[in-house]
Each structure stands twice: as structure tokens, then as C-alpha cells.
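> Got a sequence here, can you model it:
(one chain, ligands or ions: 1)
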Amino acid sequence: MSVLMIDTHIDIPWEEKTAEGLPSWEKRDQTDIAMREAERRFTIPKAEAGGLGAACLAAYTPQGPLDGVGHDAAWRRAQAMLEAMEEMVPLYVPGRAVLCRTAQEVRQTAEAGKVALVPVMENGYPLADDPSRIAHFARRYGVRYMTLTHNGHNLLADSAVTRQGPEEAYGGLSALGREVIGEMNRHGVLVDVSHASRKTMMQAVECSTVPVFASHSCVRALCDHPRNLDDGQLDALQASGGLIQITAMGPFLRRGGGGTLADFVEHVLYVIRRIGVEHVGISSDFDGGGGIEGWQDASETHHLLAALQRTGLDDAEIQAVCGGNMLRLMEKAEQKMSECQL
Ligand SMILES: [Zn+2]
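Got it, this is the predicted structure:
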């Protein structure tokens, strides 16, 4: 049985901040995307070796100041990262990877034996206070999901993790955040609630007309970390048709860190038992801090597949967890987008 494995959260290496403490927009050389021996955990040869068929690549923006200078830097950075993704395929991995905009393109690319890359965004900070930027990111770059926040509140919503300042800025979503979700629904961009506070997440479930998902989070009942989703949040995902993508981040898998592939599988099974096999998937957070014993880089993805197969899940269930659920959700977003254009 061939299984389409989709990893829903991978970063591309990039300088974090400028000397002034702003999000850095200077392009970072991406030549190593073509290397089997590279420091970065996700490269095309590693994906090929591990049987990873598709990867969501994140244009990540660290949270900075909520002023003009900060917002301008974030806006420049997100676009520079998305351009770097576009450029690296023809430059370094022609014929081996394809930048995909739809679930169907992902399927076709994987069937052709190439690695499908889906551009996404981590943090809504680059929008500043302008919801129309969603249309730009979706149309110009094919962005298919965006986390509302990263660590720290932005103009859209409260974050699960704050490094400074008050615990809440809005008590969930701001009015702007609700407007942005409407734009995301209209333009086929999934609402990603990873990094969002509990209230933000629960309000996003209500506000969005397309099911929301968490691209890289784990189960709070198994590991009490603010980035994880508790049982009430899992139930809300189930009721709305959403999805949680368990992630290979040690501290989210096991208290004190050091999570392993066995822990990862435990989190997947917990979600299946509580809300069903159609609401869970997989992600690594490679090159953003992810990587655990047994799944250290994309070349070891087959270890994860084997571990899931050993649990006794049947073929259809394996297909769903490894990528089918994510493709179904992308299709829902595409359907909503076409309804909006009628
Ligand atoms: Zn993240």
C-alpha cells in the first residue's frame, strides 16, 4: 500500500531578527534544499528517502512590535520568504518538487513521484491592520493556511504563549481578527489555531465557516503545555469537522521534554479514541525546533509510518491520518472559496 504522507508544518531556515530587533527580511540562501547531507531537517532528498510526499512550508514571522516599523518589516519578511520558496524549486530541485495550490495538485504531484510543497504562513502579524492582504497572499503566493498568532499577541488575537505583557489583549479574537477570518474563508486560506490562546481557538471555531485546524499542536490531557489542546478544544474540533496535527516537538509530547516516536503515536491514538480518526494528522515542525527520537528529519518519515501501522490501524485509517484528512480539509476550503466567487 502506498501512503501519501503530508507533513503540515515545516519551517525554512531564515535569520530571526535584524540588529534592530525587527523580523528579518534578508533572503537566506536555500541551496541546501537539494542536499541529502544538510543541517536542515527537511530537504528534498531527505523527503524522498523517507517517503514524505508533501510538506507545508511556513513563512514564519516572529512577533515584534505592534507599530508601523514592526508591521512593515513583517510584511516584507513574509513576502521575501514566500518568494524564496517559489524560487528554490526551479533553481535547486527542478523536476523533483512542485509548489502546489490545491489538494488535487498535491495528489497529482505525489503520484508523479515528486515532492509537493504547499506554501503557508505562521503568524498573522504581516497583515498589520489590513485584511485585504489575505487576498494578496492567497492569489500571489498560493498560501493555504495561516496561524492567527505566533508567541505573543498581535492585532488579530491573543496568543497561547506570551513572553511579556498581559495574559490577554482581547479575551480571544479582536474585531479585526474576526474580519480576517472572513477573508481567509473567502480566499481558501485555512484558519490555523496552533499558537492561539484557548479563547481565541474556541472563538475561531465559531467564527469560521470552514473547519479550523491546528497545524502543529499536541494533546493537553497527555502533556500540560499551553500550546496543546485540551479535551474541550478537541471536542469543539470534532463538532466543527476540524483537525489537529500532532507534532514532533518533545516538550509538547512529554512533560519536561524528550518525547519520542512512541509518545507521538500515543497522542495520535488519544485523539482517535476521543474524537475519531478523521480529526487527526501529523506534522514535524522540522527546522522550527521539531525532531524527536525516531523521527529526527524527513529521511526518517518511514519510521513514523511503521509506528502507526504497528498500532493496528487499518489501511484506510492510516491513509486518513497520514494525509487524507488534511487533503479533505483543503478541499473544504477550496469549495468555500468557489462558493464565495459565484
Ligand atoms: Zn510554531
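> thought residue 234 was touching residue 218?
No. The criterion here is Cβ atoms under 8 Å, and residue 234 misses it with residue 218 at 10.9 Å. All C-beta spots, glycine's among them, are computed from the backbone N, C-alpha and C.
> who's more crowded, those two?
Neighbours per residue, other Cβ atoms under 10 Å: of residue 234 and residue 218, the larger number sits with residue 218, 32 against 22.
> list the contacts for the more buried one?
By Cβ atoms under 8 Å, 6 or more residues apart in numbering, residue 218 lies in contact with 225, 227, 228, 229, 246, 247, 249, 252, 253, 267.
> out of those, who has the most neighbours?
Among the contacts of residue 218, residue 247 has the most neighbours (other Cβ under 10 Å), with 31 neighbours.
> Quick check: chain neighbours aside, which residue is closest to that residue?
Excluding the flanking residues, the one nearest residue 247 by Cβ to Cβ, 6 or more residues apart in numbering is residue 216, at 3.8 Å.
> backbone phi and psi for that neighbour, please?
Taking degrees, to the nearest 10, you get phi -160, psi 90 for the backbone angles of residue 216.
> residue contacts, it?
The contact partners of residue 216, by Cβ under 8 Å, 6+ apart, come to 8, 9, 194, 245, 247, 249, 283, 285, 290.
> Save the residues you listed as CSV, and put in distance to residue 33, pLDDT and secondary structure too.
Listed next are the contacts of residue 216 as CSV, based on distance: Cβ to Cβ, whole Å; pLDDT from 0 to 100; DSSP: H, G, I helix; E, B strand; the rest coil:
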residue, distance to residue 33, pLDDT, secondary structure
8, 18, 98, strand
9, 17, 98, strand
194, 24, 98, coil
245, 22, 98, strand
247, 21, 98, strand
249, 22, 97, coil
283, 19, 98, strand
285, 17, 98, coil
290, 17, 98, coil
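> Which members of those residues are the farthest-apart pair?
The most widely separated members of the contacts of residue 216, counting by Cβ to Cβ, are 8 and 249 (13.1 Å).
> how about stretch 178-187: buried residues?
Residues 178, 179, 180, 181, 183, 184, 185, 186, 187 are the ones in stretch 178-187 that count as buried (16 or more other Cβ atoms under 10 Å).
> Residue 202 sits in which helix or strand?
Applying DSSP states H and E as the criterion places residue 202 in helix 198-207.
> residues making contact with the next helix or strand after that helix?
Once the chain leaves helix 198-207, the next helix or strand it forms, by DSSP H and E, is strand 213-214. Residues from elsewhere that reach strand 213-214, judged by Cβ under 8 Å, 6+ apart: 145, 190-194, 201, 229, 237, 242-245, 326, 329.
> Tell me which residues are up against the helix holding residue 202.
Defining contact as Cβ under 8 Å, 6+ apart, one finds that helix 198-207 is touched by 148-149, 157-160, 168, 171-173, 177-178, 181-182, 191, 193, 196, 212, 214, 229-230, 232-233, 236-237, 239-240, 242.
> just to revisit the earlier point, let's see which of the contacts of residue 218 end up in helices.
Of these, the ones assigned to helices by DSSP state H are 252, 253, 267.
> and residue 143, what pLDDT?
With respect to pLDDT, residue 143 scores 98.
> tell me the secondary structure for it?
Following DSSP: H, G, I helix; E, B strand; the rest coil, residue 143 is assigned to coil.
> Next, count neighbours for the residue nearest to it when sequence neighbours are not counted.
The spatially closest residue to residue 143, leaving aside those adjacent along the chain, is residue 137, at 4.3 Å (Cβ to Cβ, 6+ apart). For residue 137, the neighbour count with other Cβ under 10 Å is 25.
> list the contacts for residue 137?
By Cβ under 8 Å, 6+ apart, residue 137 lies in contact with 78, 82, 121, 143, 146, 189.
> between those residues, which is closest to residue 105?
Residue 105 lies nearest to residue 143 out of the contacts of residue 137, by Cβ to Cβ, at 14.2 Å.
> before we move on, the earlier item: want to throw the ones in helices among the contacts of residue 218 into JSON lines with pLDDT and distance to residue 25?
Shown next, in JSON lines, are the ones in helices among the contacts of residue 218 (pLDDT from 0 to 100; distance: Cβ to Cβ, whole Å):
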{"residue": "252", "pLDDT": "97", "distance to residue 25": "29"}
{"residue": "253", "pLDDT": "98", "distance to residue 25": "33"}
{"residue": "267", "pLDDT": "98", "distance to residue 25": "35"}
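> For residue 110, state which of the residues you listed is nearest.
Nearest to residue 110 among those, with distances taken as Cβ to Cβ, is residue 267, at 25.0 Å.
> which stretches of the stretch 1-150 of the chain have low pLDDT?
Within the stretch 1-150 of the chain, the set of residues satisfying pLDDT under 70 is empty.
> re the thing from before, type out the PyMOL command that picks the buried ones from the contacts of helix 198-207.
For the buried members of the contacts of helix 198-207, the matching PyMOL selection, counting by 16+ other Cβ under 10 Å, is:
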select buried, resi 148+149+157+158+159+160+172+173+177+178+181+191+193+196+212+214+229+233+236+237+240+242
